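*Asks:* Let's see this in three dimensions:
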Amino acid sequence: MLERGMSRRRVFGLGATLAAGFAATACGAAQSDTVPAQPSSTIDPASALGNWEALAVSKAAPPPQVGSPSAVAAKHAGRQPQQWGVAMQGITSTFEATGKQMALTFDACGGPGGTDIDESLLSFLIAQRIPATLFLNKRWIDANHGRAAQLAANPLFELANHGTSHKPMSVRGQAAYGIAGTGSAQEAADEVWGNHERLTELVGRPPRFFRAGTAHYDDVAVSIVHELGETPVGFSINADYGATANPAKVQAAMNAAAPGAISLAHLHRPQSGTGAGMIAVLPTIRAMGFTFVHL
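*Replies:* Got it, this is the predicted structure:
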C-alpha cells in the first residue's frame with residue numbers, strides 16, 4: 001500500500017472523486033457514536049506492500065518539507081470552505097491494490113471513557129501477524145504511554161495521527177455528531193500539530209497519516225493537513241459504526257472487503273463488538289485470498 005521504507009516508496013496522488021452526504025465515526029466517548037452507512041471510495045494511486053516479513057525493513061524516510069503551523073494557518077486564515085464531509089478531493093479513502101489487498105485501520109480516541117485498550121484484538125493481530133495502521137489521539141497516548149511505546153516498536157503497526165483533542169477538522173467550528181469542530185485555521189493546524197509532535201517524539205519520525213475526530217473535514221482543513229506534511233485519511237468500510245456494532249454487524253461490514261479497501265474500526269472499547277467481530281472475520285477474509293497491508 002502506501003508504506004515508505006528502503007524497499008517500498010510510495011507517493012500519494014491527490015486526485016480523488018468528490019463525495020458528499022456520507023457519515024463517518026464519532027468515537028468521542030461523551031458523544032453519540034451512531035454512524036450511518038459507509039461512503040463510496042475515494043481513489044488515490046499507490047503501490048502495495050509485499051509479505052509481512054517486509055514490514056521489518058526500516059520505515060525511515062526523509063521528512064517532507066512542511067510549513068510551520070502558524071505559517072500554514074496564516075495562509076488559510078479567512079478562507080471559506082466549500083465542502084464538508086468524510087469524502088472529497090484530497091482525502092484518501094482507498095488505494096490502488098496489487099491483487100487482493102486491503103488495509104485495516106483502528107482508531108483510539110482518548111478522552112473520558114475513551115482511553116481503554118482492546119488487548120484481545122491487539123493480541124490477535126500480533127499472533128496472526130496482521131499489519132494495521134493505528135490512528136492514536138494524543139489523549140489516548142498520554143493515558144497509555146507505555147502501551148503506545150510498545151505498539152510503536154512493533155513493525156506490524158504504523159502509528160498515525162488521530163488529532164490532539166479528537167475534533168472534526170473545520171475552519172469555522174462545524175460539528176459532527178455533536179462534537180464541535182476546530183473553529184479557525186489556527187485551531188485546525190493546532191489539532192494536527194499537537195499530536196504530530198507527540199507522535200514524532202514517541203516513534204522517532206513524523207507521522208505520515210491523519211484522520212480527524214469523527215473523520216469529518218472541510219476542504220480548507222484538508223489543505224491544512226496536507227501542508228503540515230500529513231495525508232488526510234478516510235475509509236471505504238465502516239466496520240464498527242463508532243464501536244457500537246455487535247460482532248455480527250462487524251463481520252457483515254468486513255465481508256464487503258474489496259481490493260484497495262480501507263476499513264475503519266476502534267481499539268479503545270474492549271466491551272464493544274469490535275474485537276470479537278474482527279477476530280471472527282479476519283481469518284475468513286484471509287482465506288478468501290486477501291493480504292492485509294499498511295497504509
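*Asks:* quick check: mean pLDDT across stretch 163-176?
*Replies:* The pLDDT scores in stretch 163-176 average 98.
*Asks:* Correction: the previous question concerned stretch 145-154.
*Replies:* Rounded mean pLDDT across stretch 145-154 is 98.
*Asks:* So which bits of that stretch are buried?
*Replies:* Neighbour counts over stretch 145-154 (16 or more other C-beta atoms under 10 Å) mark 148, 151-152 as buried. Where you see a C-beta, it was placed from the backbone N, CA and C, and this is true even at glycine.
*Asks:* Relative to Thr214, which of these is nearest.
*Replies:* Ala148 (21.6 Å; C-beta to C-beta).
*Asks:* Could I get the contacting residues of that closest one?
*Replies:* Residues near Ala148 by C-beta atoms under 8 Å, 6 or more residues apart in numbering: 136, 140-141, 159, 202.
*Asks:* now swap in His145 and tell me
*Replies:* Contacts of His145 by C-beta under 8 Å, 6+ apart are Leu202.
*Asks:* thinking again about what came up before, most neighbours among the contacts of Ala148, which one?
*Replies:* Neighbour counts for the contacts of Ala148 (other C-beta atoms under 10 Å) peak at Leu136, which has 29 neighbours.
*Asks:* what are the bridge partners for that one, then?
*Replies:* Ala108, Asn161 (DSSP bridges).
*Asks:* How about Gln101?
*Replies:* Going by DSSP bridges, Gln101 forms beta bridges with Thr291.
*Asks:* Touching, it and Ile262? I think so.
*Replies:* No. Gln101 is not in contact with Ile262 according to C-beta atoms under 8 Å; the separation is 10.7 Å.
*Asks:* Find residues that contact each of the two.
*Replies:* Counting by C-beta under 8 Å, 6+ apart, the common neighbours of Gln101 and Ile262 are Phe95.
*Asks:* Comparing those two, which residue is more hemmed in?
*Replies:* The neighbour count for Gln101 versus Ile262, taken as other C-beta under 10 Å, is higher for Ile262 (24 against 19).
*Asks:* Would you quantify the distance from the more buried one to Ala239?
*Replies:* Distance of Ile262 to Ala239, given as C-beta to C-beta, to the nearest Å: 10 Å.
*Asks:* Equivalent analysis for His166, please.
*Replies:* Distance from His166 to Ala239, counting by C-beta to C-beta: 19 Å.
*Asks:* do the same with Thr98
*Replies:* 23 Å.
*Asks:* For those two, indicate the residue with more neighbours.
*Replies:* Counting neighbours by other C-beta under 10 Å for Thr98 and for Ala239 shows that Ala239 has the greater number, 29 against 16.
*Asks:* ok, that one - contacts?
*Replies:* Taking C-beta under 8 Å, 6+ apart as the test, what Ala239 contacts is 245, 250, 253-254, 263-265, 274, 277-278.
*Asks:* repeat for Pro232
*Replies:* Shown in contact with Pro232 (C-beta under 8 Å, 6+ apart): 90-92, 169, 210-212, 217, 222, 225-226.
*Asks:* Mind doing that once more with 10 Å?
*Replies:* 12, 14, 42, 88, 90-93, 161, 169, 192, 209-212, 215, 217, 221-226 (C-beta atoms under 10 Å, 6 or more residues apart in numbering).
*Asks:* Partner strands of the host helix or strand of it and their direction?
*Replies:* Following DSSP states H and E, one finds Pro232 within strand 231-232. Sheet pairing of strand 231-232 (DSSP bridges) gives strand 209-210 (parallel).
*Asks:* Show me how far the partner strand is from its chain's centre.
*Replies:* Strand 209-210 has its C-alpha centroid displaced from the chain centroid by 6 Å (C-alpha atoms, centre = their mean, to the nearest Å).
*Asks:* who's in contact with that strand?
*Replies:* By C-beta under 10 Å, 6+ apart, strand 209-210 touches 2, 12, 92, 105, 133, 135, 158-163, 169, 191-192, 195-196, 217, 222, 224-226, 228-233, 294-295.
*Asks:* Please narrow the residues you listed to those residing in helices.
*Replies:* 191-192, 195-196, 222, 224-226 (DSSP state H).
*Asks:* What average pLDDT does stretch 123-134 get?
*Replies:* 98.
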